[in-house]
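Enquirer: Okay, sequence plus prediction incoming.
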Amino acid sequence: MPSIRVLGHAFRAWRRNRRWAKHEPETPYLADLLSGSPVCLHVGASDGRHSYVMTQVAPRAQIHAFEPSSFTFEVLKTCLAWHRIAGQVHPVHAAVSDMPGEMLLVTPKKTSGRLGRTYAYVAAQPPVGAVRPDMEDAGLELEPAQVLTLDDYCDGHGLDRVDFIRMDIEGAELKALKGAEHIIDRDHPHILIEIHPRMLEARFGGSAEAVAEVFRSRGYRMFEVRGDRLEEVADIDAGVPWRDYFFIHPERAADLPDGVFKARMAA
């Protein structure tokens, strides 16, 4: 039986999803990406809000949702059950990186004293100094986290096709993508990824430009939501703490449902 705290968090997430409230600006565009029976990887699943949307716009989707936090993983499982989508969404209690093993999940404490679970990230060692370069904190909480690679996971679970990857992992993007090179080269999946320039540089020895180059070097086109419009862009905005980007490969353009992405890819 989940704890009262888990149930409270899960109820708020479940209610928000049912009301289609507080979704990120990129969320409505999932309907222009997914149709049929897509195989989706939701990396950094949190309470499952994007997994829920995927099941609504593509009711036959099969989703693998990765979440390393023990607390949030219980919230995720509870939300899936309440939404009655546990048959479509397979929760995986793990983080994703470039090699399997065990790391630490670092969760900042906000200055209010509450844990900033949405700002948690994996690290080999506890951070020295500020927990993150892009927020003020009042300490941290550590817990061990199992780590896997997406290539190994797909191989081990017989996933011979991946259609879509949603990734929001607080700076570990480049390492996670390195561990997914085989499925990216094999399938050219559609990607929605939140890129964290400051975290990439300060905590992971990477850069936002290197993340974009993973896709540009493979022929992907990059899009960003600006106001109420989807715009094709050439560069990452490294001056913001984080921002979401879509990456679409021309070879998969014919698979897109009718909508803004299909129109933009044809332009």
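Expert: Sure thing, it's come through. From a predicted model like this one, the values you see are computed outputs, not experimental measurements.

Enquirer: pLDDT weak spots in this structure?
Expert: Applying pLDDT under 70 to the chain flags no residue at all.

Enquirer: which residues of it fall in strands?
Expert: Ranges of strands within the chain are 39-43, 62-66, 89-92, 95-96, 101-108, 121-123, 140-148, 164-167, 190-195, 221-226, 229-232, 243-248, based on DSSP state E.

Enquirer: got the angle between the first one and strand 190-195?
Expert: With axes from the mean of the first three to the mean of the last three CA atoms, to 10 degrees applied, the angle from strand 39-43 to strand 190-195 works out at 0 degrees.

Enquirer: Would you point out which residue is most central in this structure?
Expert: With distances taken as CA atoms, centre = their mean, the residue of the chain nearest its centroid is Met167 (2.2 Å).

Enquirer: show me what contacts that one?
Expert: Leu41, Val43, Gly44, Val96, Glu173, Ala176, Leu177, Ile191, Leu192, Ile193, Glu194 (CB atoms under 8 Å, 6 or more residues apart in numbering). Heads up, the C-betas are built off the backbone N, CA and C, glycines and all.

Enquirer: any idea how far Glu141 is from Lys110?
Expert: 11 Å (CB to CB, to the nearest Å).

Enquirer: do you know how far Arg229 is from Arg264?
Expert: To Arg264, Arg229 is 10 Å away according to CB to CB.

Enquirer: Same drill for the two, tell me which one is more crowded.
Expert: Remark: of Arg229 and Arg264, Arg264 carries more neighbours, 18 against 8, as counted by other CB atoms under 10 Å.

Enquirer: what about the spatially closest residue to the more buried one that is not a sequence neighbour, how many residues close to it?
Expert: Nearest residue to Arg264, sequence neighbours excluded (CB to CB, 6 or more residues apart in numbering): Glu232, at 6.2 Å. For Glu232, the neighbour count with other CB under 10 Å is 13.

Enquirer: wait, Glu232 sits on Ala263?
Expert: No - using CB atoms under 8 Å, Glu232 is not in contact with Ala263; the gap is 11.3 Å.

Enquirer: about what we covered before: can you pull the contacts of the residue nearest to Arg264?
Expert: Contact analysis of Glu232 by CB under 8 Å, 6+ apart lists Arg221, Met222, Phe223, Arg264.
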